[in-house]
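In: this is the structure alone, sequence omitted:
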């Protein structure tokens, strides 16, 4: 892909040189040719083509950060458990969704009488 980008820039630079050296062309026209035919479209295409690589890099960084956070975070001690009770296998046994609120089925919904 880099070869195509270099070739496109080569063609656009030659177009700009012809525009500048032509008897009916101007330097301003050559500048606009270079910008509007070369740099802006090429930057847009390269940005769009690099999107999957950026997404993979971001996901890898997030995964590494998550693994680092879980490796350094100690498991919390059980709260209000008698000494004779066995310790749970993991923190997820006490709090499955990781939140501090009660589960939805643990609270009886309040309904109006029909």
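Out: Looks like it came in fine. None of the values given here were measured: they were computed from a predicted structure.

In: now do the helices in this protein.
Out: Secondary structure of the chain (DSSP state H): helices at 2-21, 27-33, 40-49, 51-72.

In: as a whole number, average confidence for the shortest one?
Out: Predicted confidence along helix 27-33 averages 94 (mean pLDDT).

In: cool, the longest one as well?
Out: Averaging the model's pLDDT scores along helix 51-72 yields 90.

In: will you turn the helices of the chain into TSV that also has mean neighbour count and distance to residue 112?
Out: Quick note: C-beta positions are derived from backbone N, CA and C, even for glycine. Output for those, formatted as TSV (neighbours: other CB atoms under 10 Å; distance: least, CB to CB, whole Å):
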stretch	mean neighbour count	distance to residue 112
helix 2-21	13	67
helix 27-33	14	70
helix 40-49	12	55
helix 51-72	10	44
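
In: nearest to residue 111, of those helices?
Out: helix 51-72 (40.5 Å; CB to CB).

In: now the closest one against helix 40-49, angle please.
Out: 40 degrees (axes from the mean of the first three to the mean of the last three CA atoms, to 10 degrees).

In: can you add distance to residue 113 and give the helices of the chain back as JSON lines?
Out: As requested, the helices of the chain are exported to JSON lines (distance: least, CB to CB, whole Å):
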{"stretch": "helix 2-21", "distance to residue 113": "72"}
{"stretch": "helix 27-33", "distance to residue 113": "76"}
{"stretch": "helix 40-49", "distance to residue 113": "60"}
{"stretch": "helix 51-72", "distance to residue 113": "48"}
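
In: out of those helices, which is closest to residue 110?
Out: Per CB to CB, nearest to residue 110 of the helices of the chain: helix 51-72, 37.9 Å.

In: tell me what the closest one is packed against?
Out: The contact analysis (3 or more CB pairs under 8 Å, 6 or more residues apart in numbering; DSSP states H and E) places helix 51-72 against no helix or strand.

In: other residues contacting it?
Out: By CB atoms under 8 Å, 6 or more residues apart in numbering, no surrounding residue is in contact with helix 51-72.
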